[in-house]
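> Prediction below, plus the sequence it came from.
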Amino acid sequence: MISRSGLESSGAEGGGYLQPGDWTITSAYRHVYSHVHFSGPTENFSRAQLGTEVQSKTNLADMMVTYQVTPRFSVQATLPVLWASRRQQSQYGTLHTSGIGDISFGGQYWLRNPKSEKATSNNVQFSLGLLVPTGKSRIENNVATSYGAAPTTQYPDYSVQPGGGSWGAILGWQAFQSLGNQTIAFFDGTYVMSQGGQQDFWTSHGGTSNGPPAPTKGLTQFDAIQDQYMMEVGLSHPAPKIPGLGLTLTLRDEGVPAHDLIGNNLGFRRPGFGIALTPGFIYTHGNNMVQFSVGKLLVRDRTKSVAEEVNGVHEGDAAFANYVWMAAWTVKMPKKRPVVDVVPQISLAKPPSTSTIPAAAPAPATVAAAPAREPDSFKPFNNLKTLDGKKKALKDVSGKVTVVNFFYPRCPYCQLELPEMQKLYEKYKDKGLSMVWINILPEEVPLIAGWQFAKNFTVPVLIGGSQAALQKDYQVEATPTTYVLGEKGEVLFYEGGYAPGDEKKVEAKITAALGIATPSSVSTTP
């Protein structure tokens, strides 16, 4: 008894927004072994003692394709494949099912424009989809029920059939909130609203699988067509010292309600829910993202069905799992964009040698000369904002020595220098070094949170004002632009653009200002 959602959440813990024209393909896998029986919230230990446990092993693989139409709107299609087995300990034979499940199509819409500044710290998305009954809901097995007996036709339980037997609507939602320090809280879920009612074939529950319903009271001669749901709330945070790795912890609730949203609620069903504590991880590398989690069921409750409420009894129990195993692999296929879109209006003062440029890195639109003279002073800023909207001044982020980098996430040479700056930050932050990175392109703000997460960057990031103002006030004629400031705000070092080895110059200025001897500065004379 568990809902059939095989996909992990696609919420913000995965990092970043898609851009119009981008595609993603996700392959997800889920494994559940259900054999622990509950009647209400109480475990039925007699099942194991009497050897009557029902043991169901369910494997669900989903292939989902998503296309981003606009910054807010995307469409997707999901193809599920199920293979499962079910047997009772006392039974001779094991029943098997496999096949394509119920295909779904839908659309998703962000309430807040991802290009807005506020969308970097929180947003809400709603989705609506159509469930198509493409999966078989009446697979039969030809098996022997005892040793030496002739095989007979048997119908596996509805819980392991690939299809649910009805059309339905899929309602979905996801929301996230940045808590600062790269921690993200998220809440997401889906509700599958079926057409309700009952199947048109007899069930073995209160009837027989091969003949007409038995004259038993209980309104359970036919299987119910039932709704199902999944929801989870959790946190994600980058793993220390492992770029691209994020850790997640969620509380996941899923199950089958006794009452459908539409249609009648009669027929045989096993309503109930399970709540699992689910630790996991997300690893992002380039355009690939891998997710893995294992949920430990903490609460299991087989609630009363409508038929049981009518009869005033609790006629049955349901088999639950102890653990739920989930994995997913997502491949992003970005739309090919012209160079002027990838590197808008910003030029590189001193491009590195071709041997140091990754093959996939775009070339700059133009190349300009670096300013001939180092700036005499650094204009203190007073009202730049963090990703969660808090105002910061230069004095709030300054230390004995302060490094300021002007960047934007898709700048190809920032991808080369900023990892080196991150290393310097980690090396000297406890010795008096402060560092801040200032984004210069407002349109790139929505990319920052996912970019930080994927790169495991911990240097504080501020959102700059207009590009023109930053270029004028801080001589940002190339990206990245790097300043090293002394304790009083004086300029100790300035560099526009990046070439391999620039980080060594920055480190030399840092150590000199902090009074730290470096290996190269120690005399070897006896």
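Arrived safely, thanks for sending. Numbers count the residues shown, from 1 in each chain.
> Tell me the pLDDT of Val340.
Val340 is assigned a predicted lDDT (pLDDT) of 33.
> With Ala361 instead?
In this model, Ala361 is scored at 33, pLDDT.
> Repeat that for Phe126.
Phe126 is given a pLDDT of 96.
> quick one: buried residues of whichever strand or helix holds it?
Using DSSP states H and E, Phe126 sits within strand 122-132. Of the residues in strand 122-132, 122-123, 125, 127, 129, 131 count as buried by neighbour count, 16 or more other CB atoms under 10 Å. Placement of C-beta: from N, CA and C, glycine included.
> tell me what the longest helix along the chain is packed against?
Secondary structure of the chain per DSSP state H: the longest helix is helix 414-428. For helix 414-428, the elements it packs on are strand 401-407, strand 433-439, helix 448-455, helix 502-514, judged by 3 or more CB pairs under 8 Å, 6 or more residues apart in numbering; DSSP states H and E.
> which residues are contacting whichever helix or strand comes after the third one?
Using DSSP H and E, the helix or strand that directly follows helix 448-455 along the chain is strand 461-463. Residues outside strand 461-463 that contact it (CB atoms under 8 Å, 6 or more residues apart in numbering): 117, 120, 384-387, 392, 397, 436-439, 442, 445, 448, 452.
> Mind checking the pLDDT average for stretch 435-446?
Rounded mean pLDDT across stretch 435-446 is 88.
> chain center to it, what's the gap?
23 Å (CA atoms, centre = their mean, to the nearest Å).
> Now the terminal residues of it, how far apart.
Stretch 435-446 has an end-to-end distance of 22 Å (CA to CA, to the nearest Å).
> Flag every buried residue along it.
Residues of stretch 435-446 classed as buried: 435-442, 444-446 (neighbour count, 16+ other CB under 10 Å).
> returning to that earlier point: list of residues touching the helix or strand following the strand holding Phe126?
Remark: after strand 122-132, the chain's next helix or strand is strand 141-143, criterion DSSP H and E. Strand 141-143 has contacts (CB under 8 Å, 6+ apart) with 93-96, 151-156.
> Just the buried subset of these, please.
Neighbour counting by 16+ other CB under 10 Å classes 93, 95-96, 154-156 among the contacts of strand 141-143 as buried.
> Make TSV from these and add secondary structure, distance to Ser466 and pLDDT to it.
Output for those, formatted as TSV (DSSP: H, G, I helix; E, B strand; the rest coil; distance: CB to CB, whole Å; pLDDT from 0 to 100):
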residue	secondary structure	distance to Ser466	pLDDT
Gly93	coil	73	86
Leu95	strand	67	93
His96	strand	64	95
Gln154	strand	71	88
Tyr155	coil	68	89
Pro156	coil	64	91
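> what about stretch 132-151, start to end distance?
So stretch 132-151: terminal residues 33 Å apart, CA to CA.
> Looking at the buried ones among the contacts of strand 141-143, which is nearest Thr26?
His96 (26.8 Å; CB to CB).
> my guess is the closest one contacts Ala84, does it?
Yes - at 7.2 Å, His96 and Ala84 qualify as touching, with contact defined as CB atoms under 8 Å.
> for the helices and strands packed on helix 414-428, which one ends up most surrounded?
Across those, the average number of neighbours (mean count of other CB atoms under 10 Å) peaks for strand 401-407, which reaches a mean of 24.
> next one: it to chain centre, how far?
Centroid separation for strand 401-407 versus its chain: 31 Å, with CA atoms, centre = their mean.
> same thing with stretch 377-385?
How far stretch 377-385 lies from its chain's middle: 35 Å, per CA atoms, centre = their mean.
> and what of stretch 300-311?
34 Å.
> So Ser456 is in contact with Pro238, correct?
No, residue 456 isn't Ser; it's Asn. Yes - between Asn456 and Pro238 there is a contact under CB under 8 Å: 4.9 Å.
> check contacts around the closest residue to Pro334 other than its chain neighbours.
The shortest distance from Pro334 to any residue other than its chain neighbours is 5.2 Å, reached at Asp22 (CB to CB, 6 or more residues apart in numbering). Neighbouring residues of Asp22 by CB under 8 Å, 6+ apart: 67-68, 332-335.
> still on that earlier bit, nearest to Tyr413 among the buried residues of strand 122-132?
For these, the residue nearest Tyr413 by CB to CB is Asn123; the value is 29.9 Å.
> any idea how far the closest one is from Gln198?
Going from Asn123 to Gln198 by CB to CB, to the nearest Å gives 40 Å.
> do Gln182 as well
Plainly put, Gln182 is 50 Å away from Gln198 if you go by CB to CB.
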